[in-house]
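Chemist: Need the 3D shape of this:
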Amino acid sequence: MTENVVVIYSGGMDSYTVLHKALAQGKQPYALSFDYGQRHKKELDYAASVCKQLNVPHKIVDISAINSIVGGSALTSDIDVPEGHYEEPSMQTTVVPNRNMILLSLAVGYAVSLDATKVYYGAHSGDHAIYPDCRPEFVEKMNQVCHIANYTPVEIVTPYLHESKIAILTDGLKMGLDYRQTWTCYNGREKACGQCGACQERLEAFAENKVKDPLEYEG
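Modeler: Okay, here's the model as predicted:
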């Protein structure tokens, strides 16, 4: 019998690769995306398109109301998205307070309702310095909580927790994945800006893999 799992799927490179990782492992993924008021909401369109192609069950949940109590991030508030490579002082403005704890809590509830025992999400080592809720100690503690929070224990699975975005892309390319079907840019314009930290990290991953990024960029 195929194991049901929930995949937190933003529509970006990392979660796109994680989704395919779950499929490659023979799991039945239930993709879960969140509209939390992010300016790059365009990523949700990419997520929906991929799930339709793969015939993967997909829900997009509107939790944008949390912005009335959780603000101060360049991703959700009227704050300029910092440009340049990921560096802690500037990229801290892109932290959405408690985001992954909120998303994981909702995903675990969904998993319990599906009789699924695992929730996958795409935390990786490149995020450790900037985002506390992508660090190994956070995942470890969340796993401990999620094993006792319900009658059915749920495991948080992070296939790339100790890997870089470069390594994630390497794995995805080995799986033959088409990264035109992903959106990374923190600005939700027609084309990717190529200047924000997310774009810079993505471009670096493609350069290190000696592959041209198929996404269109401004300029």
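Chemist: chain center to the helix ranked longest in the chain: distance?
Modeler: Under DSSP state H, the helix in the chain containing the largest number of residues is helix 99-113. In terms of CA atoms, centre = their mean, to the nearest Å, the gap separating the centre of helix 99-113 from the centre of its chain is 14 Å.
Chemist: next helix or strand past that helix?
Modeler: Later in the chain than helix 99-113, the nearest helix or strand by DSSP states H and E is strand 118-120.
Chemist: partner strands of that next one, parallel or antiparallel?
Modeler: strand 4-8 (parallel), strand 155-157 (parallel) (DSSP bridges).
Chemist: any idea of the mean pLDDT for that strand?
Modeler: Average pLDDT, strand 118-120: 98.
Chemist: any residues touching it, and which ones?
Modeler: Strand 118-120 is contacted from outside by 3, 5-8, 18-19, 21-22, 27, 29, 104, 107-108, 111, 146, 154-159, using CB atoms under 8 Å, 6 or more residues apart in numbering. In short, each C-beta sits where N, CA and C put it, glycine included.
Chemist: quick check: angle from the helix or strand that comes right after that strand to helix 99-113?
Modeler: Once strand 118-120 ends, the next helix or strand along the chain (criterion: DSSP H and E) is helix 136-146. In terms of direction (axes from the mean of the first three to the mean of the last three CA atoms, to 10 degrees), helix 136-146 departs from helix 99-113 by 30 degrees.
Chemist: Now the phi/psi pair for residue 192, please.
Modeler: When quoted as degrees, to the nearest 10, the phi and psi of residue 192 stand at phi -70, psi 140.
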